[in-house]
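Q: next one to model:
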Amino acid sequence: MEFGLTLEENVLKEIREEYGCKAIIQEQLPTVTLLRRSPTGIQTHWIIVPFILLINTDDLKDVKIGDKEKMGEIGWFTFSSLPKPLHSGFQKTTKLYQSIFENYSSIS
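A: The predicted model follows:
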């Protein structure tokens, strides 16, 4: 979160920075709390604010990795063929809201 920006402004800014493209917010889902241990054994507390975003097909050519230190590769996947491993926060969110995700044809 960047101070002074709304959640919506932050997520759209992060998409531009991390993926190099613009997005349109379709829906904001209820917040998810995730307690987990980091790989080094430290207890962490995540507050996940999930959004469903639309990227215009004309803008798909602009999608790229914006932070090469955090991402090794990028790709497009159907909801039923996501790569492994998935972040534990993403796993929990998709499990909780699978029926909502299935309403969006591009990921079902």
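Q: make it CA atoms for all contacts and neighbour counts henceforth
A: OK.
Q: biggest helix in this protein by residues?
A: When the chain is parsed with DSSP state H, its longest helix is helix 7-19.
Q: residue 12: neighbour count?
A: By other Cα atoms under 10 Å, 19 other residues sit near residue 12.
Q: revised request: answer the last question for residue 21.
A: Residues lying near residue 21 (other Cα under 10 Å) number 20.
Q: roughly how far does it sit from residue 49?
A: 20 Å (Cα to Cα, to the nearest Å).
Q: please point out which parts of stretch 15-33 sit buried.
A: 15, 16, 18, 19, 20, 21, 22, 23 (16 or more other Cα atoms under 10 Å).
Q: so what touches it?
A: With contacts defined as Cα atoms under 8 Å, 6 or more residues apart in numbering, stretch 15-33 is touched by 8, 12, 45-56, 59-60, 62-67, 93.
Q: so which strand or helix has the residue lying farthest from the centre of the chain?
A: Distance from the C-alpha centroid of the chain peaks at residue 41, with 24.3 Å (Cα atoms, centre = their mean). Secondary structure assignment for residue 41, by DSSP states H and E: no helix or strand.
Q: which element follows the host helix or strand of residue 27 toward the C-terminus?
A: In the assignment (DSSP H and E), residue 27 maps to strand 24-28. Downstream of strand 24-28, the next assigned helix or strand under DSSP H and E is strand 32-37.
Q: which parts of whichever helix or strand comes after that following strand are buried?
A: Counting by DSSP H and E, the element after strand 32-37 in chain order, helix or strand, is strand 43-48. Of all the residues in strand 43-48, those buried under the rule 16+ other Cα under 10 Å are residue 48.
Q: by contact count, what packs against the helix or strand just after strand 43-48?
A: For strand 43-48, the following helix or strand on the C-terminal side (DSSP H and E) is strand 51-54. With contacts taken as 3 or more Cα pairs under 8 Å, 6 or more residues apart in numbering; DSSP states H and E, strand 51-54 sits against strand 24-28.
Q: tell me the strands beside the strand it packs on, with direction?
A: Strand 24-28 sits in its sheet next to strand 51-54 (antiparallel), going by DSSP bridges.
Q: tell me the angle the helix or strand just after the partner strand makes with strand 32-37.
A: Using DSSP H and E, the helix or strand that follows strand 51-54 in sequence is helix 88-96. Relative orientation of helix 88-96 versus strand 32-37 (axes from the mean of the first three to the mean of the last three Cα atoms, to 10 degrees): 140 degrees.
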